[in-house]
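Colleague: coords below, sequence missing:
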């Protein structure tokens, strides 16, 4: 099931979806349904343009990213024992510095985890993530980066066998038991993550990070043009909405 969703899911991401429409359009252009083919070409162009504009992509992504506010006030959390960081991917290339091996999502999550850990002297870091597509686990690379920037090894626990968020919730529960904890993941990923954890009876303090939708003091010229950045936001939104739909379809949340 894990491989199935990883193989089939990306078909419905913006770029594969648009390319699929274009392939179908070109097939129709060489048949008697040329009018339908031309219409599909136009639809594909309009979709790609819409997906690439911040106005459209941020409208899709904002409800996910701002479901939970950032955790900025931790004055009442000084007794927290665990700060949990969910891995967001890596590539274990030994030719690169370990900081470059983490994905942008993983690096943002880790930095936020370390920030909170340092402000909570009684806490330990739980770094979570397996290595299904890599010989080294997410958690292992996260720990190497954390220690490289000053976190003591004795304050780090690893969860290295999970394949996905559902796994992470189950395995982290075995570590924290009934303790309260802070949960860190990307802002867009937080709604699905909290649903998995709450289904198992946990109620962590959410600390979303890696926000892609941000309030700007002024409108820049780039906002009027389609961009890869806009497309990236749309893809992130598609990924999470598909993940939520898949989890609900299977009765997991």
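Modeller: Alright, I've got the coordinates. The shown structure was predicted, so the numbers you read here are calculated from the model rather than taken from an experiment.
Colleague: quick one, strands of the stretch 101-250 of the chain?
Modeller: 124-128, 156-159, 181-186, 205-209 (DSSP state E, counting those that start in this stretch).
Colleague: Mind putting those strands into a markdown table with mean pLDDT and distance to residue 234?
Modeller: Every residue, glycine included, has its C-beta placed from N, CA and C. What follows is the strands of the stretch 101-250 of the chain, written out as a markdown table (pLDDT from 0 to 100; distance: least, Cβ to Cβ, whole Å):
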| stretch | mean pLDDT | distance to residue 234 |
| --- | --- | --- |
| strand 124-128 | 98 | 27 |
| strand 156-159 | 98 | 31 |
| strand 181-186 | 98 | 15 |
| strand 205-209 | 98 | 19 |
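Colleague: element containing residue 62?
Modeller: helix 54-65 (DSSP states H and E).
Colleague: give the contact list for residue 106.
Modeller: 87, 88, 89, 90, 129, 138, 141, 142 (Cβ atoms under 8 Å, 6 or more residues apart in numbering).
Colleague: Buried ones among the residues you listed?
Modeller: Among the contacts of residue 106, those classed as buried by 16 or more other Cβ atoms under 10 Å are 87, 88, 90, 129, 138, 141, 142.
Colleague: Show me which pair in these is furthest apart.
Modeller: The largest separation in the buried ones among the contacts of residue 106, counting by Cβ to Cβ, is between 88 and 141 at 11.0 Å.
Colleague: Out of the contacts of residue 106, the closest to residue 63 would be?
Modeller: The nearest one, if we look at the contacts of residue 106 relative to residue 63 and count by Cβ to Cβ, is residue 88, at 20.2 Å.
Colleague: Looks like that closest one contacts residue 187 (just checking).
Modeller: No: when contacts are counted by Cβ atoms under 8 Å, residue 88 is not listed as touching residue 187 (11.7 Å).
Colleague: Find the residues that touch each one of these two.
Modeller: Common contacts of residue 88 and residue 187 (Cβ under 8 Å, 6+ apart): residue 210.
Colleague: hang on, the earlier thing: in helices, which of the buried ones among the contacts of residue 106 appear?
Modeller: In helices, defined here by DSSP state H, the members of the buried ones among the contacts of residue 106 are 138, 141, 142.
Colleague: what comes up buried for the helix holding residue 62?
Modeller: Within helix 54-65, the residues that count as buried by 16+ other Cβ under 10 Å are 54, 56, 57, 58, 60, 61, 62, 64, 65.
Colleague: so it versus strand 205-209, what angle?
Modeller: Here the directions of helix 54-65 and strand 205-209 differ by 160 degrees (axes from the mean of the first three to the mean of the last three Cα atoms, to 10 degrees).
Colleague: thinking again about what came up before, could you single out the nearest of the ones in helices among the buried ones among the contacts of residue 106 to residue 94?
Modeller: Set against residue 94, the nearest of those by Cβ to Cβ is residue 141 (11.2 Å).
Colleague: ok, the closest one to residue 148 distance?
Modeller: Residue 141 sits 11 Å away from residue 148, going by Cβ to Cβ, to the nearest Å.
Colleague: Thanks again, I'm all set now.
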